[in-house]
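# Sequence plus predicted model, see below.
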Amino acid sequence: MQEQAPLLVSLRAPGAAPQRLAALGRGAAVQDAALKSSGGWVRVALTPRGRALRPVLLPWLLVTLLTTGWTCAAHFVDELRTKTPVDGLLQVYLPLATTMGFLLVFRLNRAATRYWDARAFWGRIVENARTLCGAACVHLAHDPAARDDVVRWGCLAFAVASKHFLRRERGIDRASLAGVIGGGEVEEMASAAPPPPWG
């Protein structure tokens, strides 16, 4: 049996399965720690995780400081107080508020669509990896080394590497591929530059 399925033997090696389970469990804990939309709208709206705050923070801070300074100056200096009636402000505010409302709705709709599209694409990756594994087991039954290479690299290592790439995690945890590929191969795979998307 050991000559027939070397990958199966390495996957079942003592300590390999617990290492893989622990490493993949740590990755699942990161995903489970993500804020769910059912956690209340205040927590979802005010969380800094996954937000593009860096490009917005400086302009927002400058606008806030400018308006705060203008308000304080207008409060203490009578000449700076505006004589603009409230109706004039409403004529400016209402079209702006309507436009911003539409932009927010369309942006949130697009974000939800992207989320579900990403889930569907990942499902296709899993489906294609399973199909590849099944085809390799059927068509390469006469060559266990080639079959194991296809299953090892085309299915298992590809899925783990894709997960790390999509999460923008640096490096790949060796334990997540324990019994699948060797430590040197994990380091080589982690340091490889991704190919251009349309190369």
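On my side now, so go ahead.
# what mean pLDDT would you report for the helix or strand encompassing residue 59?
Per DSSP states H and E, residue 59 falls inside helix 53-76. Average pLDDT, helix 53-76: 82.
# again, but for stretch 21-40
73.
# List the buried residues for the helix or strand that contains residue 159?
Element membership for residue 159 (DSSP H and E) is helix 158-166. Within helix 158-166, the residues scored as buried using 16 or more other C-beta atoms under 10 Å are 158-161, 163-164. C-beta here means a position set from N, CA and C on the backbone, and glycine is covered the same way.
# Packing partners of whichever helix or strand comes after that helix?
Counting by DSSP H and E, the element after helix 158-166 in chain order, helix or strand, is helix 183-191. Helix 183-191 sits against helix 158-166, with contacts defined as 3 or more C-beta pairs under 8 Å, 6 or more residues apart in numbering; DSSP states H and E.
# now the helix it packs on: how far from the chain's centre is it?
11 Å (C-alpha atoms, centre = their mean, to the nearest Å).
# distance of residue 94 from residue 141?
With distances taken as C-beta to C-beta, to the nearest Å, residue 94 is found 71 Å from residue 141.
# again, but for residue 168
With C-beta to C-beta as the criterion, residue 168 and residue 141 are 39 Å apart.
# Neighbour count for those two, which is higher?
Using other C-beta atoms under 10 Å as the criterion, residue 168 and residue 141 rank with residue 141 on top: 10 against 6.
# Name the spans of the protein whose pLDDT lies under the cut-off.
Residue ranges of the chain with pLDDT under 70: 1-5, 31-39, 41, 44-45, 49-50, 78-90, 194-199.
# need the longest helix for it.
Of all segments of type helix in the chain, defined using DSSP state H, the longest is helix 86-139.
# tell me the angle that one makes with helix 158-166.
160 degrees (axes from the mean of the first three to the mean of the last three C-alpha atoms, to 10 degrees).
# Pull the distance from the helix or strand following helix 86-139 to the chain's centre.
The helix or strand immediately downstream of helix 86-139 is helix 144-149, counting by DSSP H and E. Centroid displacement of helix 144-149 relative to its chain, using C-alpha atoms, centre = their mean, is 32 Å.
# Can you pull up the most central residue in this structure?
What sits nearest the mean C-alpha location of the chain, by C-alpha atoms, centre = their mean, is residue 167, with 4.3 Å.
# What sits closest to it if chain neighbours are left out?
residue 30 (7.5 Å; C-beta to C-beta, 6 or more residues apart in numbering).
# Was I right to think that neighbour contacts residue 164?
No. Between residue 30 and residue 164 there is no contact under C-beta atoms under 8 Å: 11.0 Å.
# so how far is residue 128 from the residue lying closest to residue 15 once chain neighbours are set aside?
Distances taken as C-beta to C-beta, 6+ apart place residue 178 nearest to residue 15, at 7.3 Å, with adjacent residues excluded. To residue 128, residue 178 is 24 Å away according to C-beta to C-beta.
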